[in-house]
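K.L.:
everything below, folded, please.
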Amino acid sequence: QPDWLTLDQTRPNLEDQGYPAPTPEERFGAIRRFARRRLLWVAVRDLLGLAGMPEVGRELSDTADAAAAAALAAVEEEVRRAEPFSALPPIPFVVIAMGKWGGRELNYSSDIDVLFVYDPPGGVDPDHARRYATQVATEFMAALGRVTSDGAAFRVDADLRPEGKNGPLARSLDGYRAYYQRWASTWEYQALIKARPAAGDLHLGQQFLDTVAPHVYPETLDPDAIRAVRTMKARIEYQAELAGVSQQEIKRGFGGIRDVEFAVQLLQLVHGRFDEALRSPTTLEVLAVLAEYGYVRNTDAHALATSYRWLRNLEHRLQLWDLRQTHALPHDPPGRERLGKSLGYRDEPERAA
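P.N.:
Next up, the predicted model:
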C-alpha cells in the first residue's frame, strides 16, 4: 500500500478504509486496514521526531479504542441476528481496557488486555444472558485478532480476568462484585489501577470502576497487601535472573520498565486511598502528581520519569523491527547498530545501545 506512506498530517480514520461497510467481514476488513494504516502513521511521525513517547502511546491506544468500538458494534449486531439471541432485550456490555491499553501507553506490538462486563436486565434468564455475552466476547476477540490478507488489528488477551483462563470469558457486574469481595488477590487489585472503559456501554464501565474502587483503594490498607506487591516484584526479578535476561531485558530486568511501574503503583495503592488525583492509569501522569503534592522528591520523580521515557522509547524501537513483541536488547552487532541509529545515535552506536 505505497499510498499509505505520506507526510499528510491528517490522522487516518475508519471512514478512509471504507467503514461502515455492508457486511460484517467487510467492516472487519476496514477495521484491520485502519489499524495498520494508523500504526504506520504513528511510526513515521515517531521516527521523524514529530511525536514523543507519551503521544505515541496515546495514539496507539486511541487506535485500539476506535477499532474496539467499531468491532464491538459489528459483533453485537451480528450476534443478535442469531436465532438464540434475536428475542433478547438490549443487554449492556462493555470492554474494559487493562494494562498498557488501559493506561493509554500501548506499544507497537502490544496485546490489548481486556475484561468483558455485562449487566442483564431484570426478567432475562441469567444463563441466556451469559451465553450471549460470551458469544459477543468470543467474536470480538476473533474480529480484532484474526489474520487475513488485510493483516490483523490487535491481539486480544483476556487472561487478566478473574480465575484467568479457567474463568468465564465474560462476567456480569454482580459476578465481578462477588469475586472481588471474596476471592481476589492483591495483584488483581493492583492490575485494576489501569482499568478503563474503552468500548461499548461506558455507563456500565463507570459502574464497574465504582464497584472495584473500594477494593483497589480501601480505607484501611492491609499490611499484607504491601508485602504481596513486594513479593511479586521479587519473584519477577528472580524469574528474570533464572531466565538469564536480567541484564538484557528492558522490561523485567534490573532497572527496567517494571521497576518504575511497580514503584508508582505501590505509591498509588498506599496514597490513592485518600488522594483521587493519584488514581490515573497513566504512569507519567501519576509521577507528575506524586512530585507536585510532595509524595516523592522532585529530583526522584524527574529521574524516574526520564528513565521511564527513555526505556519506553527504546521498547518502541525494539518492537518496530518486524513488529515483534520483544523487550530484549539484540545480541548481534548489526541489531545493536540498527537500534542505536533508530534512537538518534550516530557515533559508536554499539556502545550507545
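
K.L.:
C-alpha only now, for contacts and for neighbours.
P.N.:
Fine.

K.L.:
quick one: low-confidence ranges for the chain?
P.N.:
Flagging of the chain using pLDDT under 70 yields the residue ranges 6-9, 246, 348-353.

K.L.:
which parts of it are strands?
P.N.:
Along the chain, the stretches classed as strands by DSSP state E are 93-98, 112-118, 156-157, 170-172, 196-200.

K.L.:
ok, residues contacting stretch 215-230?
P.N.:
With contacts defined as C-alpha atoms under 8 Å, 6 or more residues apart in numbering, stretch 215-230 is touched by 180-181, 186-187, 189-190, 192-193, 266, 269-270, 272-274.

K.L.:
and with 10 Å instead?
P.N.:
Stretch 215-230 has contacts (C-alpha atoms under 10 Å, 6 or more residues apart in numbering) with 177, 180-181, 184-193, 209, 212, 231, 233-236, 262-263, 265-276, 279.

K.L.:
how about the helices of this protein, start to end?
P.N.:
24-47, 53-81, 99-102, 126-145, 173-182, 186-191, 202-216, 223-242, 257-271, 283-292, 298-320, 333-342, 349-352 (DSSP state H).

K.L.:
related to what we said a few turns ago, format the strands of the chain as a markdown table; extra columns: distance to residue 319 and mean neighbour count.
P.N.:
A markdown table is the format used below for those (distance: least, C-alpha to C-alpha, whole Å; neighbours: other C-alpha atoms under 10 Å):
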| stretch | distance to residue 319 | mean neighbour count |
| --- | --- | --- |
| strand 93-98 | 20 | 27 |
| strand 112-118 | 15 | 25 |
| strand 156-157 | 17 | 17 |
| strand 170-172 | 30 | 23 |
| strand 196-200 | 24 | 24 |
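
K.L.:
tell me which of those sits nearest to residue 22.
P.N.:
With C-alpha to C-alpha, the closest approach to residue 22 among the strands of the chain belongs to strand 196-200: 20.8 Å.

K.L.:
what is the closest one packed up against?
P.N.:
On a contact count with 3 or more C-alpha pairs under 10 Å, 6 or more residues apart in numbering; DSSP states H and E, strand 196-200 meets helix 53-81, strand 93-98, helix 99-102, strand 112-118, helix 202-216.

K.L.:
quick revisit: would you list the strands of the chain in CSV and tack on distance to residue 35?
P.N.:
As requested, the strands of the chain are exported to CSV (distance: least, C-alpha to C-alpha, whole Å):
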stretch, distance to residue 35
strand 93-98, 17
strand 112-118, 13
strand 156-157, 14
strand 170-172, 25
strand 196-200, 16
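
K.L.:
closest to residue 318 out of those?
P.N.:
Taking these one by one with C-alpha to C-alpha, strand 112-118 is closest: 18.2 Å.

K.L.:
quick one: residues contacting residue 197.
P.N.:
Contacts of residue 197 by C-alpha under 10 Å, 6+ apart are 65, 94-98, 102, 114-117, 203-209.

K.L.:
repeat the analysis, applying 7 Å as the threshold.
P.N.:
Applying C-alpha atoms under 7 Å, 6 or more residues apart in numbering to residue 197 gives the contacts 94, 95, 96, 97, 205.

K.L.:
once you drop chain neighbours, what's closest to it?
P.N.:
residue 96 (4.5 Å; C-alpha to C-alpha, 6 or more residues apart in numbering).

K.L.:
which residues pair with the one you found across the strands?
P.N.:
Taking DSSP bridges as the rule, residue 96 bridges to residue 115, residue 197.

K.L.:
would you mind measuring from it to residue 196?
P.N.:
Residue 96 is 5 Å from residue 196, where distance means C-alpha to C-alpha, to the nearest Å.

K.L.:
one more: residue 330?
P.N.:
34 Å.

K.L.:
also residue 207?
P.N.:
Taking C-alpha to C-alpha, one finds residue 207 at 11 Å from residue 196.

K.L.:
any idea which of the strands of the chain gets closest to residue 13?
P.N.:
strand 196-200 (16.7 Å).
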